[in-house]
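>>> Sequence isn't available, so here's the structure alone:
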């Protein structure tokens with residue numbers, strides 16, 4: 001399978017870290033292993049920070065979804081790096097606490113279901129793509145930038161669902177990283193209200209059933225001998 005590795009290196013550049021390997025089969029100088037072995041940089045790939053590396057990933061099939069969650073967390077939100085920075089800032093040196101810190105990000109992401117995380121990640125990436133193209137930061141985000149992005153969505157007549165989910169996704173990313181929520185800004189809240197008023201489908205109330213309607217319905221089936229029709233009429237009249 002070396003040709004596959006070489007092909008993907010040509011496409012994506014030099015891989016710097018093999019996350020699922022041992023000393024006898026690693027493709028990179030640095031690697032993680034399931035158990036200790038000579039040269040390993042750490043046991044349990046999911047307890048390590050993957051950000052800042054071009055990772056080579058060949059996990060067992062049962063771990064593919066867990067890998068995807070890890071990539072979203074470390075590559076997009078850099079949650080592991082945020083926790084490492086907080087640990088360093090707090091002056092924590094105890095090895096046991098550092099090990100707990102490395103596992104903390106996984107538990108934080110599990111505060112939402114996989115489906116919710118996937119949805120929020122998708123909308124956050126759209127926000128990130130938009131604001132990065134304007135040379136501004138996606139996280140931490142400026143409230144005015146979020147408001148301007150929502151204005152763009154309103155101008156494009158995106159649905160209320162899209163706009164509200166975008167707000168929830170930006171909030172989700174910031175709260176995961178223990179940052180100030182930019183969606184608490186009044187510009188953002190008022191734009192959400194505007195979207196709800198302008199873009200939500202109006203509720204069409206049904207006309208109430210009247211006595212005349214019931215009499216007309218009964219008159220149409222006065223001579224009916226069909227037991228199903230008679231039964232339905234009795235149920236309707238009883239319910240009325």
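Happy to help now that I have it. Fair warning: this is a prediction, and the values are worked out from it, not measured in the lab.

>>> dump the residue contacts of the closest residue in space to residue 5 that isn't next to it in sequence.
Distances taken as Cβ to Cβ, 6 or more residues apart in numbering place residue 27 nearest to residue 5, at 5.5 Å, with adjacent residues excluded. Quick note: C-beta positions are derived from backbone N, CA and C, even for glycine. Under the criterion of Cβ atoms under 8 Å, 6 or more residues apart in numbering, the neighbours of residue 27 are 5, 15, 18, 21, 56.

>>> And residue 27, how far from residue 15?
The spacing between residue 27 and residue 15, counted by Cβ to Cβ, to the nearest Å, is 7 Å.

>>> For the longest helix that the chain contains, name the packing helices and strands.
Ranked by residue count, the top helix of the chain under DSSP state H comes out as helix 114-132. Under the contact criterion of 3 or more Cβ pairs under 8 Å, 6 or more residues apart in numbering; DSSP states H and E, the helices and strands touching helix 114-132 comprise helix 64-71, helix 143-155, helix 160-176.

>>> Need phi/psi at the residue nearest to residue 78 when sequence neighbours are not counted.
Of all residues not flanking residue 78 in the chain, residue 51 sits nearest, at 4.9 Å (Cβ to Cβ, 6+ apart). The phi and psi torsions at residue 51 (degrees, to the nearest 10) take the values phi -70, psi 150.

>>> So the protein: which segments form each domain?
Following automatic domain parsing, one finds the domains of the chain at 2-109, 114-199, 207-240.

>>> Can I get these in CSV including mean pLDDT?
Listed next are those as CSV, based on pLDDT from 0 to 100:
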stretch, mean pLDDT
domain 2-109, 85
domain 114-199, 92
domain 207-240, 85
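
>>> separation between residue 132 and residue 124?
Computed with Cβ to Cβ, the distance linking residue 132 and residue 124 is 12 Å.

>>> Then residue 166?
Distance of residue 166 to residue 124, computed by Cβ to Cβ: 8 Å.

>>> Which residue ranges of this protein form helices?
Listed in chain order, the helices of the chain (DSSP H) span 2-12, 64-71, 79-89, 95-109, 114-132, 143-155, 160-176, 186-199, 211-220, 227-239.

>>> ok, the residue nearest to residue 46 when sequence neighbours are not counted - contacts?
Distances taken as Cβ to Cβ, 6+ apart put residue 70 closest to residue 46, at 6.0 Å, once the chain neighbours are dropped. Contacts for residue 70 were tallied using Cβ under 8 Å, 6+ apart; they are 45, 46, 50, 106.
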